[in-house]
Each structure stands twice: as C-alpha cells, then as structure tokens.
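Participant: Quick one, structure for this:
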Amino acid sequence: MERRHKPARLSRPAKPVRTRRDDLDFDDLVYGIHTVAEALAAGEELRLIHVAANRTKDAVLRSLLATAKERNIAVRFEQRAFFDRVPFKAHQGVVAIGPPFPYVSLPELLAGRGLGHHRTLVVLDHLTDPHNVGAIVRTAEAAGADGLVLPARRSAGINATVRKAAAGAAAYLPIARVANIADAIRVMKKAGIWVVGADTSPVATELVKADFNRDLALVVGAEGEGLSQLVKRECDYLVRIPMRGRVASLNASVASAILIYEALRQRDCSLRP
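Facilitator: Below is the predicted model of the structure:
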C-alpha cells in the first residue's frame, strides 16, 4: 500500500523583534536639534536617533540626517506617543541615545597643555542645578577654557538636561569627575596651577585686583551655599565680584562667566605688544 506523504508545513516568517522603548536611560539621552548635531560633529558614538515623523521633510534636519547616514547611525521616525514619554519638553522632535558621558580622569585633564597660553580650569563645588552646570560648561568652552572638574556625588553630572543647557559645548570641553574636590585641588596645586575660589566675604580679594594671568583653576560654590569651608582652605586665595547694588550675590553661572572672561581678558592683554 502506497504511503501518502503529508505536504510539508510552511514555516511562518519570524516576527520582527520589537525593541522595548520603556527602558530608556534618560541620563544617556541627547535631545534638541542643535545639541544632537553638535554631538554628531564631535564624533560622539550615538547609537540611535529618534526623529518625529512629522519632520521627515524638515530642511533644518537634512544636515543632521546626512551626517547620521555617513556615520552609519540608525535613525528611527517616531509618532507623537514616543515623545510624550520623554520628560524633556524642549526636545524639538529629535532625541538621540548615546553611551554614558565620556568623562576624562583628572590626570588626563592636567596632562593637556593650553595652546600657547596659561591653562584655565573651572571647578564646581557641588552645584546641583543642571541648568547652572550646563550654562557654565557652555561659557567655559566658548571662552576657551581647558577643562572642567565636578564631584561625583551631591552634584549634577553631565546628563541630558546639562547637555541641552550647554548647547552642544559638552561635546567639546574635557570634563573630569572626581571623588573629592578638596583632594583634586591639592593635585592641581602640585601641578603648578593656582586655585582661586569665588567668595562673597569681605576678606576676599576684589576681582579687579586679582591676578589671573597664570595657570589657573577657578572654583565656584553651590547655589546659595557657596564654597565649603574645606575647599576654601585649600584655595590659594579667594576672589570677590564687586556688588554695587542691593542684591548680595549672583547666580552661580553668571558669577562663573564673569570670572572666566576676566581670566580670558587678562590673558589676552598680556599678549599685546
């Protein structure tokens, strides 16, 4: 008796694997058109870029998308529901996922030499407001500072909000994260760097009398609290920004900008014939 063969059962095509989108690490996000574009320009290893589907023909994005294609970085066009889950409202329909921020070590930061000028470093003593930290990063990079130092604990790290506030500057400025600011200051002084702390007390040297024309680390304290007593003791001297009005202090990012640009001014004046 002839045995009948059952027709082979056709296997079903495998279902496409769906990536989970509820496991985003918000600290590793880079968001906003300009910030993502700067991260690409700086060569950051972004893993994936999410773009709002309604911006597929946006002329502003052409350069960004072209760069992503050249770098073989995947781009995924998303509906509004995806961006509703992103906690940062200023994303502009562009969110990238990258690796954790690439901090440098303090020895690596100190090994770099200023390009034909004195080094200028900025040290943040436990600033917790990411907008302040981002603004300081932006100012430091714009003024040509050589790096920034911040503590690993009780401080805003370089997260998505800081990157956005820095407007792309975090992609270019070397940033070290250290266990202890006072210890880091001691290491910097041994490397020949003068350490100047921003302070509002009358014993501090007024800014117009301070000599910033040297290898310099400018230390700025936490919002409302200023420098810790231990950090103050480690500074070579303290400097005070003149306050002529009724307000007793300045925002940390504003004070940092004044100090950084005073260092730049003195450095440029010393180069004049």
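Participant: what about the strands in the stretch 151-273 of the chain?
Facilitator: Along the stretch 151-273 of the chain, counting by DSSP state E, counting those that start in this stretch, strands occupy 175-178, 194-198, 205-206, 216-221, 237-240.
Participant: Provide the strand pairings for the shortest one, with the direction of each partner.
Facilitator: According to DSSP bridges, strand 205-206 forms sheet pairs with strand 237-240 (parallel).
Participant: now do the longest one
Facilitator: Note on strand 216-221: by DSSP bridges, its sheet partners are strand 120-125 (parallel), strand 194-198 (parallel).
Participant: ok, residues contacting it?
Facilitator: 118-127, 136, 149, 181, 185, 188, 193-199, 227-228, 231, 235, 252, 255-256, 259-260, 263 (CB atoms under 8 Å, 6 or more residues apart in numbering). From N, CA and C alone the C-beta is placed, and that goes for glycine too.
Participant: Using CSV, write down the CA coordinates of that strand.
Facilitator: This file holds the C-alpha atoms of strand 216-221, laid out as CSV (Å, rounded to 0.1, in the frame of the first residue of the first chain):
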residue,chain,number,x,y,z
LEU,A,216,44.5,78.9,36.9
ALA,A,217,41.6,76.9,38.4
LEU,A,218,38.5,78.9,39.2
VAL,A,219,36.4,77.3,41.9
VAL,A,220,32.7,78.1,42.1
GLY,A,221,30.5,77.0,45.0
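Participant: Just checking the distance from that strand to the centre of its chain.
Facilitator: 17 Å (CA atoms, centre = their mean, to the nearest Å).
Participant: picking up where we left off before, tell me which of the strands paired with strand 216-221 is the most buried.
Facilitator: strand 120-125 (a mean of 26; mean count of other CB atoms under 10 Å).
Participant: Contacts for the helix or strand following that one next, please.
Facilitator: Per DSSP states H and E, the first helix or strand lying C-terminal to strand 120-125 is helix 130-142. With contacts defined as CB under 8 Å, 6+ apart, helix 130-142 is touched by 122, 124, 127, 148, 150, 155-156, 158-159, 161-167, 169-170, 172-173, 175, 220, 223, 251-253, 256-257, 260-261.
Participant: Just the endpoints, please. Distance across stretch 205-220?
Facilitator: In stretch 205-220, first residue to last residue: 15 Å (CA to CA, to the nearest Å).
Participant: returning to what we had before: ranking the strands of the stretch 151-273 of the chain by burial, who's on top?
Facilitator: By mean count of other CB under 10 Å, these have strand 216-221 as the most buried, with a mean of 26.
Participant: okay, the angle between that one and helix 130-142?
Facilitator: For strand 216-221 against helix 130-142, the angle by axes from the mean of the first three to the mean of the last three CA atoms, to 10 degrees is 170 degrees.
Participant: Where do the helices of the stretch 151-273 of the chain begin and end?
Facilitator: 160-165, 181-190, 229-234, 252-270 (DSSP state H, counting those that start in this stretch).
Participant: and the ones you listed, which one's lowest on average pLDDT?
Facilitator: Lowest mean pLDDT of these: helix 160-165, a mean of 80.
Participant: which residues touch it?
Facilitator: 26-32, 35, 39, 88, 90, 101, 130-131, 133-135, 137-138, 156, 170-171.
Participant: go again using 10 Å as the cut-off
Facilitator: 25-32, 34-36, 38-39, 86-88, 90-92, 95-96, 98, 101, 129-138, 150, 156, 169-171, 175, 253 (CB atoms under 10 Å, 6 or more residues apart in numbering).
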